[in-house]
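**Q** when you get a sec, could you give me coordinates for this:
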Amino acid sequence: MDVRIGITQSPKEIELELSDDTDRDGLLKEIDALLGKGDGVCWLTDRRGRRVGVPVPKIAYVEVGTSREDRRVGFGAP
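**A** Prediction:
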């Protein structure tokens, strides 16, 4: 599963590829709770075990997508 986080006052995004067994609904609830609280750090672990922390007040948006294997580009795309 791909997660993209936009940071306020920065043109760059943080892109993470989480493990395929990550619970999408659980992740969305966790992110929603953190954003509702307004402070703290959002910690995510990618598929290689790297932990990334983003201060919640600096988060502009969070995009949760599908895994890269599900995206098809080119002539084989449906």
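
**Q** which residues of this protein score low on pLDDT?
**A** 66-78 (pLDDT under 70).

**Q** the helices in it, which residues?
**A** Using DSSP state H, the helices of the chain run over 24-37.

**Q** which residues in it form strands?
**A** Secondary structure of the chain by DSSP state E: the strands cover 2-7, 13-17, 41-45, 51-55, 59-64.

**Q** so which of those gets nearest Asp25?
**A** Smallest distance to Asp25 across the strands of the chain (Cβ to Cβ): 10.0 Å, for strand 59-64. For the C-beta atoms, the positions are set from N, CA and C on the backbone; glycine is no exception.

**Q** so which elements touch the closest one?
**A** Packing partners of strand 59-64 (3 or more Cβ pairs under 8 Å, 6 or more residues apart in numbering; DSSP states H and E): strand 2-7, helix 24-37.

**Q** given it, what are its sheet partners and their directions?
**A** If you go by DSSP bridges, strand 59-64 pairs up with strand 2-7 (antiparallel).

**Q** residues contacting Trp34?
**A** Careful, residue 34 is Leu and not Trp. 40, 42, 56 (Cβ atoms under 8 Å, 6 or more residues apart in numbering).

**Q** from Ile5, how far off is it?
**A** 11 Å (Cβ to Cβ, to the nearest Å).

**Q** which residues are in contact with both of the two?
**A** By Cβ under 8 Å, 6+ apart, Leu34 and Ile5 have these common neighbours: Cys42.

**Q** in TSV: the strands of the chain, plus distance to Gly26 and mean neighbour count.
**A** Rendered in TSV, the data for the strands of the chain read as follows (distance: least, Cβ to Cβ, whole Å; neighbours: other Cβ atoms under 10 Å):
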stretch	distance to Gly26	mean neighbour count
strand 2-7	13	16
strand 13-17	16	14
strand 41-45	12	15
strand 51-55	17	13
strand 59-64	11	14
